[in-house]
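S.K.: A predicted structure for the sequence below; I have some questions about it.
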Amino acid sequence: MLSVREIHTHYGASQALFGLSIQVGAREVVTLMGRNGMGKTTTVHSIMGIAPVSSGEIQFGGRRIDAAPSFQIAQAGIGLVPEGRQVFPNLTVRENLVATAANRADRRAPWTLGGILDLFPALGERLTSMANLLSGGEQQMLAIGRALMTNPKLLILDEATEGLAPLVRREIWACLERLKQDGQAILVIDKNVEDLARIADRHYVIEKGRVVWTGTSDELRSRQDVLSEKLGV
């Protein structure tokens, strides 16, 4: 589904990614892990066309997207839950959810407003509230719901549970487990290795803009050197 091949990305004269390659298949949950400042968000921004790649190739659904503008990449079927949530602050919860709603994966049973409220009941109590008045956890639920309302072929979550209370984190992980069971392809960035290893099929660990290790959850659990040296666990 998603193929990122040998991409190099710069911010001005500063290079952030050095020949990075990752893949996400249909119905797969794949993680991107690493310490802060190693290039995880830059990878997401490169995929989404926010940070144009200097060289290399990104394909989605067999079509090159590395030269496409961000809106076309989103319309192709990639739903992004960005770091920091970035909900529309001056729109209500309902307006945030329906503003970009579409059925980009041509699902027979697409996500609807009712489906999102079943997934996150707390949002049902705040439908008429402005998004900037929500708690951090509610805003993250809203950001996930907004992305799901586009019915994406691939869902990308950048820092899925960062800064959230333990109860909210558990709710987010339960949501991702449900999406995995439904066959949703997901690329997720987070620091909670235990939860990532439980739900993901494969993992990429990056350091200084390069992939330094990749493997399955069982392989990750057995690699104490990777956990301690690359992830600080």
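M.R.: Perfect, I can see it now. Keep in mind the model is a prediction, meaning the values are calculated, not measured.

S.K.: Residue 124 touches residue 114, doesn't it?
M.R.: No. If you go by C-beta atoms under 8 Å, residue 124 and residue 114 don't touch, sitting 9.2 Å apart. No exception for glycine: its C-beta is placed from N, CA and C like everyone else's.

S.K.: higher neighbour count, the two?
M.R.: Neighbour comparison, residue 124 and residue 114: the larger count goes to residue 124, with 14 against 9 (by other C-beta atoms under 10 Å).

S.K.: what's near enough to touch residue 149?
M.R.: 97, 98, 100, 101, 102, 111, 112, 113, 116 (C-beta atoms under 8 Å, 6 or more residues apart in numbering).

S.K.: Phi, psi for it please.
M.R.: phi -70, psi -10 (degrees, to the nearest 10).

S.K.: Just give the nearest non-adjacent residue to it, would you?
M.R.: residue 101 (4.3 Å; C-beta to C-beta, 6 or more residues apart in numbering).

S.K.: Tell me the confidence at that neighbour?
M.R.: At residue 101, the model reports a pLDDT of 95.

S.K.: And for it, the neighbour number?
M.R.: 17.

S.K.: Check for me that it belongs to a strand.
M.R.: No. Checked against DSSP: H, G, I helix; E, B strand; the rest coil, residue 101 lies outside a strand; its state is coil.

S.K.: I figured it hits residue 150, correct?
M.R.: Yes. At 6.7 Å, residue 101 counts as touching residue 150 under the criterion of C-beta under 8 Å.

S.K.: quick one: secondary structure of the closest residue in space to residue 124 that isn't next to it in sequence?
M.R.: Closest residue to residue 124 in three dimensions, ignoring its sequence neighbours and counting by C-beta to C-beta, 6+ apart: residue 117, at 4.2 Å. Under three-state DSSP, the three-state class of residue 117 is helix.
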